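1. The sequence and its predicted three-dimensional model are supplied below.
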Amino acid sequence: MTTGGEPDRELLTELVLRTFRLNGLFLARAETLAEPAGLTAAWWQVLGAVLRGPLTVAEVGRSMGLSRQAVQRVANLLVDRGLCEFRPNPAHARAKLLAPTDAGRASIGRLRDGTVAWAREMEAELGADRIRQAVQLMDRLIEAMTQEPTGSGAPTGPR
């Protein structure tokens, strides 16, 4: 709610704080779910980003809200472990494409039972409609935050 034309900054602060908390909870659950597949949450995140098709490290970073450097470190580990490979990029000689290997796809496949069980648990607790609404709100927040700043000088995401 606003008073006297001023935005309720505490309301946005509460949203941000809860988002940080939720992110921590998601990462902790992802670590638990990923462990039986021999993955970490970070490895799962980067490997999952390239399942639909090869991407550059920078593209993975943009799609996941991560820095290129953080993605590069994880990509190198995934390649070293045979879960991903770098491929030539016809659009850019230096920016190789990251793609999953058969072993990487198999690792993601081993996550299925745990993720399906967790999804069922969350849907039973919250309801599909509420989850859908939360996704829509998050999409709208992402859209609003990635638009050009309107004079605040605030960054629009990882560089």
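-> Thanks, I have it. Quantities reported herein were computed from a predicted structural model and do not represent experimental measurements. Numbering: from 1, shown residues only.
2. center of the protein, which residue is that?
-> M64 (3.9 Å; Cα atoms, centre = their mean).
3. show me the contacts for that one.
-> Q45, V46, A49, V71 (Cβ atoms under 8 Å, 6 or more residues apart in numbering). Heads up, the C-betas are built off the backbone N, CA and C, glycines and all.
4. Just the ones of those in helices?
-> Judged by DSSP state H, helices contain the following of the contacts of M64: Q45, V46, A49, V71.
5. Can you say which of the residues you listed are buried?
-> Buried by 16 or more other Cβ atoms under 10 Å: Q45, V46, A49, V71, out of these.
6. from these, which is closest to R120?
-> Taking Cβ to Cβ as the measure, Q45 is the one of those closest to R120, at 21.9 Å.
7. Now that closest one: closest residue in space that isn't a chain neighbour?
-> Once flanking residues are discounted, Q45 sits nearest to M64: 5.9 Å by Cβ to Cβ, 6 or more residues apart in numbering.
8. How about E31?
-> Closest to E31 by Cβ to Cβ, 6+ apart is A41, at 4.8 Å.
9. so the one you found makes contact with G24?
-> No. A41 lies out of contact with G24 (Cβ atoms under 8 Å); the separation is 11.0 Å.
10. low pLDDT regions in this protein?
-> 1-5, 150-159 (pLDDT under 70).
11. can you give me the strands for it?
-> For the chain, the strands defined by DSSP state E cover 55-56, 84-87, 97-100.
12. Would you format these as TSV with distance to R140 included?
-> What follows is those, written out as TSV (distance: least, Cβ to Cβ, whole Å):
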stretch	distance to R140
strand 55-56	24
strand 84-87	32
strand 97-100	29
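13. now for those strands, which one comes closest to L111?
-> strand 97-100 (13.0 Å).
14. Who are the packing partners of the closest one?
-> strand 55-56, helix 68-80, strand 84-87 (3 or more Cβ pairs under 8 Å, 6 or more residues apart in numbering; DSSP states H and E).
15. and these, which is most packed in?
-> Of the helices and strands packed on strand 97-100, the one with the most neighbours on average (mean count of other Cβ atoms under 10 Å) is strand 55-56, at a mean of 21.
16. List the neighbouring strands of that strand plus their orientation.
-> Its sheet considered, strand 55-56 pairs with strand 97-100 (antiparallel) by DSSP bridges.
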